[in-house]
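A.B. asks: test case, fold it:
(chains A and B)
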Amino acid sequence: MSDLDDPHSTAPAPRLFAVRGPLDDQGPGPECESVGPDRAGADLDDDLPAAAWWVALAGLPGMGPARLRALWEISSPREAWRLVSAGRAHLVPTVGASMGRGAAEQAASWARAAAGIDVGGRWQEHAEVAVTTLGDGLFPARLVDDVEPPLVLFAAGDLTVLQGPTVAIVGTRRCTRAGAEFARELGWICARAGARVVSGLAVGIDTAAHEGALDARPDGAPPVAIVGSGLDVVYPARSRGLWRRVAEAGVVLSEYPLGTEPARWRFPARNRLVAALADVVVVVESPRSGGSMYTVDEALRRDRPVLVVPGPVRSVASAGTNWLLSQGAHAACSPDEVLAAVGLAPPDTGPGTLLDPRPKPAGDGRRVLRALGWEPASLDVLARRTSLGLGPLAVALNRLEADRWIDREGGRVERRAKP
Amino acid sequence: MLATVASATILGVEGRPVTVEVHVGQGLPGFTVVGLPDASCREARDRVRAAIICSELDWPNRKVTVNLAPSSERKIGSGLDLAIALALLGATDQIPADALAGVGAIGELGLDGAVRPVAGMVSLVDAQASTTVVVPNASAAEARLVGRHQVRAVTRLSEVVLGLKGEGAWPDPPDPPAAPPEPPAPDLADVRGQPVARQALEIAAAGGHHLLLIGPPGAGKTMLARRLPGLLPPLSQPEALAATRVFSAAGVPVPGGVLVTRPPFRAPHHSSTMVSLIGGGTAALRPGELSLAAGGCLFLDELGEFPPSVIDSLRQPLEEGVVRVARARASVTLPARFLLVAATNPCPCGEATEPGACRCSDAARARYRRRLSGPVLDRFDLRVEVHRPDPSALLATEAGERSTAVAARVAAARDVAATRGVSANSAIAAERLDDVAALDRGAHRMLETALRQGRLTARGLARVRRVARTIADLDGVDPEAPLGAEPVALAMALRSDASSYLQSAA
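C.D. replies: Residues are numbered from 1 along each chain as shown, chains lettered A, B, ... in the order given. Below you'll find the model as predicted:
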């Protein structure tokens, strides 16, 4: 693996970050004790900071926020680790309750896993990323009082960028061209207006939103991403470039230690953090069920406003968003409405963006564009709507595609909002 | 005490002449077959012996040696039984030696002396240099297709003996009951709506362009594909004979008679093995589905479900029009010039053409994308999405255009292609495209823009020009005139990048 391919090594060198056990000092603030990236002497267990134990605990198999939280309540993280190593964690009532049925087996599997973990070595491995635990100075303020906060967060990039207004832009991975375009535009305008775009780095809407936010750099607000795997496990793999750019311009956060593989159950947990870190959640496109609906539930649980982008009635990709609207969610018909929800003024988008540089379609082209509207349509449908023969229709579509008025995808033609 | 009878054995679709020599001489009673017989050939000794005894003829109590010449080639199958029996009877003077001159015999013997048919009769008879061939009655119609021989149709060994000795007339058994007539080909008029897919079918038939139909379940992909052979012109006499040879060699009954007159339509299931498609397998190197489809259509439904190795094995036959099957003992060339029509769902759940509707995992989509990309996709000149027709078109009272009307345009376009010296426009060599598929200004500019914007590749360019030529031919445009923008734009529109929607947007 080359250096460039490794987000781990290309993430900016960690800034000074506070690492502090929750029981050492409850008062986060500038006076808190800092431990620099130089972790000499970490091989001595006694010298390890509390965070080191949390890193080890967070990496245990089947460890989720609730169980980690229960362990947190025990006493010191070292004590928690000792209990876990001894396979007796489930005997603590709160921890046992969090483990549900099969607690004894789970505790045994933790003990087996713990036997193979060198806490000091794991801590050294995490020298590349920032580690912050609940209650330390860099821990995101929005998460401190959260109903289900993470206990430990790993960050590639700058954790301080979280201070300021945030807008979560979420949606389905299987989005339409129009949905992706809107997400991209929204990401761009939010970033320009000073709102940090929060998303999950999934393909589809998430990716489009962050690409828009990155396009607004360097003037735009930094992007914030929350992922459901270790920071060095890029998923999906083709998003590697985007991960790196987000980490360089803003921050990529994860609840999971390095090396954690993505798993189905981790994504809802990731989505709760997206909702928790956002001042307002915007759903661009979502089918009736899916991760975005989960994010909406989490946002409502936290009284975060949810804005929903309306879509065509027959579009499967908008079935969930339209349902949310029918349930009384607020509609976001333009980026400005989103900005108003976080109390920001629309940015000066500058001249030029208003002028469409594309040559105005004429003749058959105009007829086709009018017949197309904003919903994807197949050639069959367009031929019927325009009453054009397939030959002239193909010529008109070719012209429109060359001039970037339309795109073709899956045998359907879609109108592009922008060149 | 020696007699010879001509016969033949089959390899691939070709018959190979075999001379059966039988020597009956001094020695311990025995029966030996030499000359590379395979197992079914060696078993001839038991069948021949029983058949001769049951026909109330004499079995010699001496040493019998059967040689199958040329002895360097492997002999396959039971079709040599009859020739062995006749030569043995000649060698033991039960049939006069001169009666066997100029007589070939092909057929399997039953223990009771019945003469039974064998596969590949057309090629087997064709390989005979003799003037008369004796064949089982059930295969007589096939044997007569060759047209060079006097065909003696028999049902029993005793009839042959009487005929050859001149003691009884050759039997003239009634032809076996005719095969049920072929059901009429499905008509394009049954397809409601779908103007784009219909147009693509017409172009595929006229230009011999391979066609890929992509769409969700229930969109009518299979229905459309099954109507393609009805648009193709009927086979010419040499084509029909070539197709019949393959059917005969494969032992596949010809629908509705003996001669294959309509372009064949073969639709192997996606669980088919590579050998069943390509051919080979048995020692006779039996032709596979590709060869059975030669001159007609090979329809691969659910292309994405075929194992990748099977799909890859189509590449060389598609390129060369023949399949070369090589085995340790022999290699054969089988015909494989067919029109490939394939249908596939866009993804395992089938809904990916509908934005947001696909519920497949990313891994499943990636697997499909790999199968439907690159080299395989490149073989299809026409790649068309078929959408579920909208309800108003389904309920429309007026039927679509009939197959006969479309077939007439297809035949006319094929005639135009014939003036260029090719059977169909898909066979136009790339270096001739500037001559026969010149571009006018508008078309030139359109292609240049598309190439520059990366919407068309250099390889795609040649294919678009061939398809555009076919579209212009179908429209009755002057074959000498340069291609205009319309056929070129339509050719590009019918060439979707099937893998595009398997990637996510953005």
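A.B. asks: which elements pack onto the longest helix anywhere in chain A?
C.D. replies: Longest helix in chain A, counting residues (DSSP state H): helix A:177-193. Helices and strands touching helix A:177-193, by 3 or more CB pairs under 8 Å, 6 or more residues apart in numbering or on different chains; DSSP states H and E, are strand A:166-170, strand A:196-199, helix A:205-215, helix A:335-341, strand A:412-415. C-beta coordinates here come from the backbone N, C-alpha and C atoms, glycine included.
A.B. asks: now residue 67. Nearest residue, chain neighbours left out?
C.D. replies: You didn't pick a chain, so chain A it is. residue A:98 (4.7 Å; CB to CB, 6 or more residues apart in numbering or on different chains).
A.B. asks: you answered for a different chain; I wanted chain B.
C.D. replies: residue B:21 (4.4 Å).
A.B. asks: give me the phi and psi angles of that neighbour.
C.D. replies: phi -110, psi 130 (degrees, to the nearest 10).
A.B. asks: list the buried ones in stretch B:308-322?
C.D. replies: Neighbour counts over stretch B:308-322 (16 or more other CB atoms under 10 Å in any protein chain shown) mark B:310-311, B:313-314, B:317-318, B:322 as buried.
A.B. asks: what do you get for stretch B:73-88?
C.D. replies: Of the residues in stretch B:73-88, those buried (16+ other CB under 10 Å) are B:73-88.
A.B. asks: now, the residues you listed that are in helices?
C.D. replies: B:81-88.
A.B. asks: break the chain into its domains for me.
C.D. replies: Picking chain A for this. A:155-341, A:364-415 (automatic domain parsing).
A.B. asks: I was thinking of chain B, sorry if that wasn't clear
C.D. replies: Split by automatic domain parsing, chain B gives B:2-165, B:188-501.
A.B. asks: wait, which of those is closest to residue A:182?
C.D. replies: Residue A:182 lies closest to domain B:188-501 among the domains of chain B, at 13.3 Å (CB to CB).
A.B. asks: now check that closest one, is it near chain A?
C.D. replies: Yes: judged by CB under 8 Å from any CB of the partner chain, domain B:188-501 and chain A are in contact via B:193-196, B:199, B:214-215, B:346, B:351-358, B:362, B:384-385, B:387, B:389-390, B:446, B:449-450, B:453, B:455, B:471, B:475, B:485-487, B:489-490, B:492-493, B:496, B:500-501.
A.B. asks: can you give the distance of that domain from its chain's centre?
C.D. replies: 16 Å (CA atoms, centre = their mean, to the nearest Å).
A.B. asks: host element of residue B:460?
C.D. replies: Taking DSSP states H and E as the criterion, residue B:460 maps to helix B:458-474.
A.B. asks: whoops, residue A:298 was the one
C.D. replies: Residue A:298 belongs to helix A:291-301, assigned by DSSP H and E.
A.B. asks: so that helix versus strand A:166-170, what angle?
C.D. replies: 150 degrees (axes from the mean of the first three to the mean of the last three CA atoms, to 10 degrees).
A.B. asks: okay, now the unreliable bits of chain A?
C.D. replies: A:1-46, A:349-355, A:410 (pLDDT under 70).
A.B. asks: hmm, back to that, and for the next helix or strand after the helix holding residue A:298, what's in contact with it?
C.D. replies: The helix or strand immediately downstream of helix A:291-301 is strand A:306-308, counting by DSSP H and E. Applying CB atoms under 8 Å, 6 or more residues apart in numbering or on different chains, the external contacts of strand A:306-308 come out as A:280-283, A:296, A:299-300, A:321, A:324-325, A:329-332, A:337-338, A:341.
A.B. asks: buried members of those into PyMOL, please.
C.D. replies: Selection of buried members from these for PyMOL, criterion 16+ other CB under 10 Å:
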select buried, chain A and resi 280+281+282+283+296+299+321+324+325+329+330+332+338+341
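A.B. asks: got the phi/psi numbers for residue B:33?
C.D. replies: Torsion angles, degrees, to the nearest 10, at residue B:33: phi -110, psi 120.
A.B. asks: in the stretch 301-450 of chain B, which ranges drop under the pLDDT threshold?
C.D. replies: B:354-356, B:373-374, B:393, B:397.
A.B. asks: if we use 50, what do you get?
C.D. replies: Judged against pLDDT under 50, the stretch 301-450 of chain B has no low-scoring part.
A.B. asks: buried residues in the helix or strand that contains the residue nearest to residue A:67?
C.D. replies: Following DSSP H and E, one finds residue A:98 within helix A:93-99. Residues of helix A:93-99 classed as buried by neighbour count (16+ other CB under 10 Å): A:95-96, A:98-99.
A.B. asks: now do stretch B:471-479
C.D. replies: B:471-474, B:477.
A.B. asks: quick one: which of the residues you listed is nearest chain A?
C.D. replies: Checking the buried residues of stretch B:471-479 against chain A by CB to the nearest CB gives residue B:471 as the nearest, at 7.7 Å.
A.B. asks: touching, the closest one and residue B:490? I think so.
C.D. replies: Yes: taking CB atoms under 8 Å as the definition, residue B:471 is a contact partner of residue B:490 at 5.6 Å.
A.B. asks: which neighbours do these two have in common?
C.D. replies: residue A:391.
A.B. asks: for residue 134, grab the count of nearby residues.
C.D. replies: You didn't say which chain, so I picked chain A. Residues contacting residue A:134 under the criterion other CB atoms under 10 Å in any protein chain shown number 21.
A.B. asks: hm, I was asking about chain B
C.D. replies: 29.
A.B. asks: which pLDDT value belongs to it?
C.D. replies: Model confidence at residue B:134, given as pLDDT, is 94.
A.B. asks: one more: the one 4 residues further on?
C.D. replies: pLDDT for residue B:138: 88.
A.B. asks: then residue B:168?
C.D. replies: So residue B:168 comes in at 76 (pLDDT).
A.B. asks: are we agreed that it is in a strand?
C.D. replies: No: judged by DSSP: H, G, I helix; E, B strand; the rest coil, residue B:168 forms no part of a strand; its state is coil.
A.B. asks: next one: it from chain A, what distance?
C.D. replies: 69 Å (CB to the nearest CB, to the nearest Å).
A.B. asks: got it, and residue B:103?
C.D. replies: Taking CB to the nearest CB, one finds residue B:103 at 62 Å from chain A.
A.B. asks: would you agree that residue is in contact with residue B:128?
C.D. replies: No: between residue B:103 and residue B:128 there is no contact under CB under 8 Å: 9.5 Å.
A.B. asks: and for those two, which residues touch both?
C.D. replies: Joint contacts of residue B:103 and residue B:128 (CB under 8 Å, 6+ apart) are residue B:6.
A.B. asks: now the helices for the stretch 301-450 of chain B?
C.D. replies: B:308-312, B:315-320, B:362-371, B:375-378, B:391-394, B:403-419, B:433-436, B:441-452 (DSSP state H, counting those that start in this stretch).
A.B. asks: not counting its neighbours along the chain, what's nearest residue 151?
C.D. replies: No chain in the question, so chain A it is. Leaving out its chain neighbours, the residue that sits closest to residue A:151 by CB to CB, 6+ apart is residue A:68, at 4.6 Å.
A.B. asks: could you do chain B instead?
C.D. replies: residue B:143 (4.8 Å).
A.B. asks: contacts only, for the one you found.
C.D. replies: By CB under 8 Å, 6+ apart, the neighbours of residue B:143 are B:106, B:121-122, B:125, B:133, B:135, B:149, B:151, B:153.
A.B. asks: what of residue B:166?
C.D. replies: Residue B:166 neighbours (CB under 8 Å, 6+ apart): residue B:99.
A.B. asks: out of the helices of the stretch 301-450 of chain B, nearest to residue A:147?
C.D. replies: Per CB to CB, nearest to residue A:147 of the helices of the stretch 301-450 of chain B: helix B:362-371, 30.9 Å.
A.B. asks: for the closest one, name the packing helices and strands.
C.D. replies: helix B:308-312.
A.B. asks: list the contacts of the helix it packs on.
C.D. replies: Here helix B:308-312 has contacts from B:272-274, B:277, B:303, B:370-371, B:375-376, using CB under 8 Å, 6+ apart.
A.B. asks: also stretch B:278-287?
C.D. replies: Contacts for stretch B:278-287 (CB under 8 Å, 6+ apart): B:10-13, B:38, B:74, B:76-77, B:120, B:246, B:249-251, B:275, B:288, B:290-291, B:313, B:317, B:323, B:325, B:327, B:329-330, B:332, B:334-335.
A.B. asks: since that was my last question, I'll sign off now.
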